[in-house]
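Enquirer: Model the following, please.
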Amino acid sequence: MNRQNNEAGRTSLNDNMFLKCKCHGLSGSCEVKTCWWSQPDFRVIGDYMKDKYDSASEMVVEKHKESRGWVETLRPKFTFFKPPTERDLVYYESSPNFCEPNPETGSFGTRDRACNLTSHGIDGCDLLCCGRGHNTRMEKRKEKCHCIFHWCCYVSCQECVRVYDVHTCK
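Expert: The predicted structure is shown next:
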């Protein structure tokens with residue numbers, strides 16, 4: 001499996017390499033041109049690998065006896081999906097469920113975690129709360145406000161009470 005995934009990663013990196021050139025000469029006249037293969041931006045590689053990760057194929061380890069002894073091979077768990085190519089990532093163990101507490105993995109789960117109601121990212125209530133929904137409560141916080149700098153050399157502030165909506169996972 002590691003060999004498969006390493007090859008898929010190496011292939012994807014090679015597929016995204018591009019030729020970069022620089023001109024040398026008086027006022028950039030390009031009398032001499034130097035070119036080299038360059039890696040794409042980290043974001044491009046990351047997005048590409050995330051797509052690969054999201055479409056990884058689940059495999060099953062099969063043991064069978066051959067003349068050299070017991071051999072382990074991987075076969076796709078679900079036959080109705082296309083078999084993975086050398087460019088696809090594969091796995092045979094499911095990721096742990098971080099939504100629920102699990103002392104084995106060290107996960108505390110996401111219950112009672114603060115979430116961002118307006119975010120569509122990993123901190124958003126929809127994703128972070130694992131479909132369980134969220135609670136909203138109003139929270140009053142004392143903060144320094146209306147601060148004034150006095151010459152020389154101190155700042156005086158008033159104390160204000162602000163009300164915030166706090167969202168936490170159910």
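
Enquirer: Can you tell me the closest non-neighbouring residue to Glu62?
Expert: Counting by C-beta to C-beta, 6 or more residues apart in numbering, Glu62 lies nearest to Thr73, which is 5.3 Å off, once chain neighbours are set aside. Yep, even glycine has a C-beta here, placed from its N, CA and C like the rest.

Enquirer: Next up, the contacts around the one you found.
Expert: By C-beta atoms under 8 Å, 6 or more residues apart in numbering, Thr73 lies in contact with Val61, Glu62, His64.

Enquirer: Give me the local confidence score for the residue lying closest to the last one once chain neighbours are set aside.
Expert: Across the structure, with C-beta to C-beta, 6+ apart as the measure, the residue nearest His64 apart from its sequence neighbours is Val71 (6.0 Å). Per-residue confidence for Val71 comes out at a pLDDT of 84.

Enquirer: sec struct for the spatially most central residue of the chain, please.
Expert: Central residue of the chain (C-alpha atoms, centre = their mean): Lys50, 6.9 Å from the mean position. For Lys50, the assignment made with DSSP: H, G, I helix; E, B strand; the rest coil gives helix.

Enquirer: Could you check how far it is from Met59?
Expert: Computed as C-beta to C-beta, to the nearest Å, the Lys50 to Met59 distance reads 20 Å.

Enquirer: Same question for Ser95.
Expert: Separation of Ser95 from Met59 (C-beta to C-beta): 14 Å.
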